[in-house]
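Participant: Turn this into a model:
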Amino acid sequence: MNQLATITSKKQLTLPAELFRKAGLRIGQKVIVSEENGRLVLTPAERLVEELAGSVPMPKRWKGASIDRIVEQAKDEYFKEKYRLK
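Facilitator: Here you go, the predicted structure:
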């Protein structure tokens with residue numbers, strides 16, 4: 001399906017609603033934009049995470065934890081180190 005869209009002066013593109021729905025995208029969702037043979041390809045970031053799942057060993061301290069807990073703990077550790085918080 002081909003539909004016309006316009007790129008703004010800010011280099012932003014609004015996706016036609018029908019293509020947005022058909023692709024199963026959500027407002028606020030992160031996508032990977034890549035170039036393949038002169039075409040731009042949008043891939044939901046979650047799909048990349050799913051494809052990479054299992055390719056990196058899980059640290060022992062996170063085994064069995066939910067992804068939400070892992071993300072929270074990782075952010076806490078990062079900001080404590082970055083800002084030298086106790």
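
Participant: Correct me if wrong: residue 40 contacts residue 31.
Facilitator: No. In terms of C-beta atoms under 8 Å, residue 40 does not count as a neighbour of residue 31; the distance is 10.5 Å. Quick note: C-beta positions are derived from backbone N, CA and C, even for glycine.

Participant: The two: which has the busier surroundings?
Facilitator: Here residue 40 and residue 31 are set side by side on neighbour count (other C-beta atoms under 10 Å), and the busier one is residue 31, at 15 against 9.

Participant: Secondary structure element holding the nearest residue to the more buried one once chain neighbours are set aside?
Facilitator: For residue 31, the nearest residue in space outside its immediate sequence neighbours is residue 42; the separation is 4.7 Å by C-beta to C-beta, 6 or more residues apart in numbering. Element membership for residue 42 (DSSP states H and E) is strand 39-44.

Participant: buried residues in that strand?
Facilitator: By neighbour count on 16 or more other C-beta atoms under 10 Å, the buried set for strand 39-44 is residue 44.

Participant: shaky segments in the chain?
Facilitator: Applying pLDDT under 70 to the chain flags residues 85-86.

Participant: What are the buried residues along stretch 28-37?
Facilitator: Using 16+ other C-beta under 10 Å, none of the residues of stretch 28-37 count as buried.
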